[in-house]
Every structure is written in C-alpha cells, then in structure tokens.
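Student: okay, here's the prediction I keep looking at, along with the sequence it came from:
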Amino acid sequence: MNDAKITLNADIGESFGAWKMGDDQLIMPHIDWANVACGFHASDPLTMLETVKLAKQHQVSIGAHPSYPDLVGFGRRHMACKPDEITAMVQYQVGALKAIANGQHMSVSYVKPHGALYNDMLSDGNIFDAVCGAISALKQKSEQPLPLMIMATPENHAWLMRAEEHGVELIFEGFADRAYDDNGRLRSRQYSDAVYDNDEQIIEQGRRFNAGEPIISINGKSLNIKIDSLCVHGDNPKAISTIEKLRSLLVGD
C-alpha cells in the first residue's frame, strides 16, 4: 500500500479464557488497526467477540491474526506444515473472525500472520504462496482479496511482485519495539536484546520509520526500510505509555 500516513497497529485479543494478556482496553483507543488473534496461538470465541466490540467502539479497523496451531508455544514455534494445511488453517481462522465481525456489522480489513508463520512465509516462498492463495480464495466475486500485512525489508519489491501473482495487495510494517539484524530482518527472540525495553529506543526507531530515515541495526548498520504501518506489541511492559507517545509522533502532535 502507498498511503501517505503511517498507521499504528498492535496485536490485540490475545487473552485465552481466564488467562489475560495485554491491556486491550487501554491500547485500543490509540491504534488504527487491531491484529485480532483467531484462536490458534491465543484467544477464544468470546475473547474474539469482545475484541471486535472494543474495536468497533473506538472505530479501529480489524485484521485477522492467524497462526500455526500452537497455543502452548504462543504460535512462536515453527511447524512443518504442508502448503495445503497452511491454506486451510489460514482460511479457517480468517473465516471465524469474519463471522464474528459480521455479527457486529464490522468487516475484516486485512490479514497479518502471527509469530512463526509470519517469519516462515518470508523465508519460504511456498508458505508465502499458500498464505496468499488462502486470502485470494476467500474473496467474494465482486471483491478484491484482503491485503496481507508482512514485515518490511530491503526486498519489499520482490514480495510485491510475488503477491501480484495472487492478486493480493501488501501492507508493509515495521516494528518500533524490536531490534533488527544487519540483513533487515527482526532479531530472533532467542536473544535477550531482541525486544527493546527502553522507551527512548522505541520512540527513536518509530521516528525514523515515520520520517523515512534509515533505522539502525543491532550492530550499527543503516537500513533503508519503507513501511506503511508501525507495530508495537501489546505484551511489551512499556506498551501503553509507548503507544501513546507513538500516536502523538505519527499525528504530529
């Protein structure tokens, strides 16, 4: 997408039953897009419904946040799934959120895979094609496929060309609260410095993305990465105060 305004998105609705994750009530008023967990890595039907209602209250667009079926590992573990399995699991999860959204007179606006599935589709073209194929097949006759949100890298153009083969539009996102390796990819969570816990670091990276300036990798390398949307994680302890500051940054307050 080529919107002039960079939007703010967050992973939302990741509680499960009595187990609470993040503070959606405080996060939702400050974001433009909510990536709603669809039950495979987190959430459940009631949590999905409550999250959609909250998004509607704050006029926030909702996106499906499908993952591998990995509740225990929070969807962060790779699973050796065949392309047909990935297509089916993405359609299953997006379809579930669509049904709940329809019940609230809302619609699903995009798809953003979660965790290991999100990372795997950018390292394995067959997985990327399976996700795009799932999205394309969900459209009605008169509709365009839902856009797919993926991680922005220095190779954005190559992914645009591949997605075009499926008729799928891409939304490129950057991460304010995650460190980047020298290759322009997110630093693995196996390292203790993968997630920023310093507010100044997070806001500075968000400022660079918003200004179209290079961000700085974990080893000090300049990375030119263009984005459409900025993500901050709701499970980050700094999430609430950081999102408020990033919102002010993006709207120019």
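Tutor: Here it is on my side, so go on.
Student: which residues in the stretch 1-150 of the chain form strands?
Tutor: Secondary structure of the stretch 1-150 of the chain by DSSP state E, counting those that start in this stretch: the strands cover 7-12, 33-37, 61-65, 108-111, 148-151.
Student: what's the answer for the stretch 151-253 of the chain, then?
Tutor: Listed in chain order (using DSSP E, counting those that start in this stretch), the strands of the stretch 151-253 of the chain are 170-175, 215-216, 222-223, 229-231.
Student: tell me the most buried of those?
Tutor: With neighbours taken as mean count of other CB atoms under 10 Å, the strands of the stretch 151-253 of the chain reach their highest mean count in strand 229-231, at a mean of 25. C-betas here are computed from N, CA, C, even on glycine.
Student: which outside residues touch that one?
Tutor: Here strand 229-231 makes contact (CB atoms under 8 Å, 6 or more residues apart in numbering) with 6-11, 32-33, 35, 149, 171-176, 206, 209-210, 246, 250.
Student: now render the strands of the stretch 1-150 of the chain as TSV, adding mean neighbour count.
Tutor: Conversion of the strands of the stretch 1-150 of the chain to TSV gives the following (neighbours: other CB atoms under 10 Å):
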stretch	mean neighbour count
strand 7-12	24
strand 33-37	27
strand 61-65	26
strand 108-111	22
strand 148-151	24
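Student: among those strands, which comes closest to Asp181?
Tutor: Relative to Asp181, the nearest member of the strands of the stretch 1-150 of the chain by CB to CB is strand 148-151, separated by 12.0 Å.
Student: what does the residue sitting nearest the centre point of the chain show for phi and psi?
Tutor: Taking CA atoms, centre = their mean, the centroid of the chain lies closest to Lys112, which sits 4.6 Å from it. Backbone dihedrals for Lys112, given as degrees, to the nearest 10, come out at phi -130, psi 110.
Student: for the stretch 151-253 of the chain, which spans come out with low pLDDT?
Tutor: Applying pLDDT under 70 to the stretch 151-253 of the chain flags residues 234-238, 253.
Student: which stretches of it form helices?
Tutor: For the stretch 151-253 of the chain, the helices identified by DSSP state H, counting those that start in this stretch occupy 156-164, 199-211, 239-251, in order along the chain.
Student: can you put these in JSON lines and add distance to Asp182?
Tutor: As requested, these are exported to JSON lines (distance: least, CB to CB, whole Å):
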{"stretch": "helix 156-164", "distance to Asp182": "17"}
{"stretch": "helix 199-211", "distance to Asp182": "15"}
{"stretch": "helix 239-251", "distance to Asp182": "25"}
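Student: count the residues that sit near Lys221.
Tutor: Other residues lying near Lys221 total 14 when counted by other CB atoms under 10 Å.
Student: looking at the strands of the stretch 151-253 of the chain, which is closest to Met48?
Tutor: Nearest to Met48, of all those, is strand 229-231, at 19.8 Å by CB to CB.
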